[in-house]
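1. Prediction below, plus the sequence it came from.
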Amino acid sequence: MSAAQWFAPLRARLARRAVDTALSEGCDPAASPRLAARARQLTSRRRRYATAVALEVLIHAIDRPPSGGHVRPSRTALAFNRDRMLDLVSVLCSPRPVYARGMATLELVVRDGTGPAYADRHGEWLAAELVRARRELDGETRPVRCAE
């Protein structure tokens, strides 16, 4: 195992947002050890479960009253997309394999405070991202070669 392969998982975690963005944009995980390491992390049972829990937290935010002190998700966008999010929770908790591109897209949706779960006031942007993530989880999109 080369040094690059040995440190790839650590480097992937440290640059998680950038690597997730690259994977979400369609970069082939085989393009670099760091992308491959992050793809393995994202598709692990543990990460899938954590992402499902994060989606459930967003779903429950629909019914919670606003509270101060932190970035709040858009309750309107979440309510508009409740069924899509529940479908994704079901997919993530199932034993069937998923593709890293879809997991990367979901990670960005649930964790990015400037993304559609938080900044979309009506729900269309979030809907588009969730539909895209669902297709990507199923491998309905093709990876592209990226410089990593």
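-> Arrived safely, thanks for sending. Numbering: from 1, shown residues only.

2. In space, what's closest to Trp125 - neighbours in sequence excluded?
-> The spatial neighbour of Trp125 that comes closest, neighbours along the chain excluded (Cβ to Cβ, 6 or more residues apart in numbering), is Pro116 at 4.2 Å. Glycine gets a C-beta too; all of them are placed from N, C-alpha and C.

3. Ok, Arg16 next?
-> Distances taken as Cβ to Cβ, 6+ apart put Arg38 closest to Arg16, at 7.2 Å, once the chain neighbours are dropped.

4. Quick check, the one you found in contact with Asp20.
-> Yes: the criterion here is Cβ atoms under 8 Å, and Arg38 meets it with Asp20 at 7.0 Å.

5. Find the residues that touch each one of those two.
-> Shared contacts of Arg38 and Asp20, defined by Cβ atoms under 8 Å, 6 or more residues apart in numbering, comprise Ala104.

6. Could you check which of the two is surrounded by more residues?
-> Between Arg38 and Asp20, Arg38 has the larger neighbour count (other Cβ atoms under 10 Å), namely 29 against 24.

7. The helix or strand encompassing the more buried one - contacts with which helices or strands?
-> Using DSSP states H and E, Arg38 falls within helix 33-42. Helix 33-42 is packed against helix 3-14, helix 16-24, helix 100-111, with contacts defined by 3 or more Cβ pairs under 8 Å, 6 or more residues apart in numbering; DSSP states H and E.

8. Now do the same for the residue nearest to Arg16: its pLDDT.
-> Looking at Arg38, its pLDDT reads 94.

9. Pull the CA coordinates from the longest helix along the chain and hand them back as CSV.
-> In the chain, with assignment by DSSP state H, the single longest helix is helix 45-61. In CSV, the C-alpha atoms belonging to helix 45-61 read as follows (Å, rounded to 0.1, in the frame of the first residue of the first chain):
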residue,chain,number,x,y,z
ARG,A,45,-23.5,1.2,6.6
ARG,A,46,-22.5,3.6,9.4
ARG,A,47,-22.5,6.7,7.2
ARG,A,48,-25.8,5.6,5.5
TYR,A,49,-27.4,5.3,8.9
ALA,A,50,-26.0,8.7,10.0
THR,A,51,-27.3,10.4,6.9
ALA,A,52,-30.7,8.7,7.4
VAL,A,53,-30.8,10.1,10.9
ALA,A,54,-29.9,13.5,9.7
LEU,A,55,-32.8,13.4,7.2
GLU,A,56,-35.1,12.4,10.0
VAL,A,57,-33.9,15.3,12.2
LEU,A,58,-34.8,17.6,9.3
ILE,A,59,-38.2,16.0,9.0
HIS,A,60,-38.9,16.5,12.7
ALA,A,61,-37.8,20.1,12.4
